[in-house]
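S.K.: Mind folding the following:
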Amino acid sequence: MKGLEVISPGLMTTIQDLGRTGWTQMGVPVSGAADQFSAALANVLLGKDINSPVLECTLSGPKLKLLIDQQIVVTGAKMQVKINNEIVPHDSVIDVDAGSTVKIQSSKCGCRCYVAFSNDMEATNFLGSVSTYEPGKLGGINGRTLKKGDSIGFNSLDTNLIKSSQGASQQYDNSWLIRVTEGPEFKRLSSHAKDNIENIEYVISNDSNRMGIRLEGPRLAINESGDMISGPVFTGTIQCPENGLPILLGPDAQTLGGYPRIFQVAKVDRTLIGQMRPGDQLKFQRISIEEAEKLWLNMALSFPFLSKI
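M.R.: Now for the predicted structure:
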């Protein structure tokens with residue numbers, strides 16, 4: 001079924017769902033939406049399965065022409081959205097007529113917004129997910145970002161969808177306080193690094209992407225060599241390489257890492273990784289595993305769909 005045409009692709013727009021789980025032991029990253037909360041919320045507001053495909057728009061969004069009537073929801077970073085040059089709100093179900101254009105501008109806070117459609121987009125399924133993993137050319141549209149002239153089809157509409165009129169997304173700033181638990185190699189940090197890391201205000205490097213967020217600031221000292229026997233890593237693992245500058249791993253990160261895993265981002269803050277942008281400031285706050293679990297349970301009570309993530 002005809003769906004939409006890409007008039008302009010934006011900086012980096014891809015098709016994502018919640019990722020391909022269960023394959024990390026084979027070296028396949030989970031990938032999926034960098035901000036799973038916002039991606040899932042967009043689908044929830046349309047009454048859809050939270051794992052339905054969405055467009056992930058990074059820093060600036062695309063201009064699209066819809067070829068059939070649709071309802072859409074935009075969540076995440078507050079990029080201005082225009083339907084036929086008329087501004088429409090985020091986090092709400094919007095009716096869009098066939099032939100209309102949807103233009104998503106840039107954001108000042110937050111890095112990514114998500115666009116869900118009432119019809120599912122057609123995309124390449126690999127290992128149970130249509131998420132785009134660009135380094136491996138998997139999923140999405142030939143495993144790449146959207147480009148001008150792309151045409152994306154839609155699957156048939158489920159007429160039994162129960163929609164919500166409006167939702168509440170998270171609020172973003174250009175300064176982040178990220179709650180973390182100690183990682184397996186935290187003890188390899190020097191005493192000075194352990195005592196002072198929560199006082200350090202890092203800056204997110206321009207050399208950051210979906211694989212990892214590199215931090216700039218004071219260098220952490222490691223008591224032993226930064227290299228070690230490779231161990232499992234996943235989204236939210238924070239590694240400290242030999243240069244002493246932490247790397248916060250994202251959804252497209254490798255599945256094994258050879259640097260000390262000093263922290264793990266608490267699940268309650270993990271989706272925020274997808275909203276961090278170059279130049280933002282970041283600080284860590286250490287909490288216990290018990291505190292991390294309680295925070296996540298409380299958040300899941302407020303947003304029940306999170307229990308499925």
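
S.K.: Which of the helices or strands spans Asp269?
M.R.: Using DSSP states H and E, Asp269 falls within helix 267-270.

S.K.: any idea how far that helix is from the chain center?
M.R.: Relative to the chain's own centre, helix 267-270 is displaced by 12 Å; criterion: C-alpha atoms, centre = their mean, to the nearest Å.

S.K.: Which strands or helices does that helix pack on?
M.R.: strand 175-182, helix 289-302 (3 or more C-beta pairs under 8 Å, 6 or more residues apart in numbering; DSSP states H and E). Just so you know, the C-beta spots here come from the backbone N, C-alpha and C atoms, and that holds for glycine as well.

S.K.: Contacts for the longest one, please.
M.R.: Translated: helix 289-302. Helix 289-302 is contacted by residues 179, 181, 266-268, 287, 306-307 when judged by C-beta atoms under 8 Å, 6 or more residues apart in numbering.

S.K.: just the buried members of the residues you listed?
M.R.: Neighbour-count burial (16 or more other C-beta atoms under 10 Å) applied to these gives 179, 181, 266-268, 287, 306.

S.K.: Just name the closest of those to Asp120, please.
M.R.: Set against Asp120, the nearest of the buried ones among the contacts of helix 289-302 by C-beta to C-beta is Leu306 (21.4 Å).

S.K.: part of a helix, is the closest one?
M.R.: Yes: residue state for Leu306 (DSSP: H, G, I helix; E, B strand; the rest coil) corresponds to a helix.

S.K.: and it, what is it in contact with?
M.R.: Applying C-beta under 8 Å, 6+ apart, we find Leu306 in contact with 37, 40, 296, 299-300.

S.K.: State the pair within these that is farthest apart.
M.R.: Using C-beta to C-beta, the contacts of Leu306 reach their maximum pairwise distance at Ala40 and Trp296, which is 14.5 Å.

S.K.: between the two, which one's more packed in?
M.R.: For the pair Ala40 and Trp296, the greater number of neighbours falls to Ala40 (28 against 17), based on other C-beta atoms under 10 Å.

S.K.: list the buried ones in stretch 139-159?
M.R.: 139-141, 143, 145-146, 150, 152, 154, 157.

S.K.: Give me every residue in contact with it, excluding its own residues.
M.R.: Defining contact as C-beta under 8 Å, 6+ apart, one finds that stretch 139-159 is touched by 1-10, 12-16, 20, 31, 48, 55, 62, 68, 70, 117-126, 129-134, 136-137.

S.K.: Name the helix or strand for the residue most central in space within the chain, please.
M.R.: The centroid of the chain falls nearest to Ala34 when counting by C-alpha atoms, centre = their mean (1.2 Å). Using DSSP H and E, Ala34 falls within no helix or strand.

S.K.: what's the closest non-adjacent residue to it?
M.R.: In space, and not counting its chain neighbours, Ala34 is closest to Gly274: 2.8 Å by C-beta to C-beta, 6 or more residues apart in numbering.
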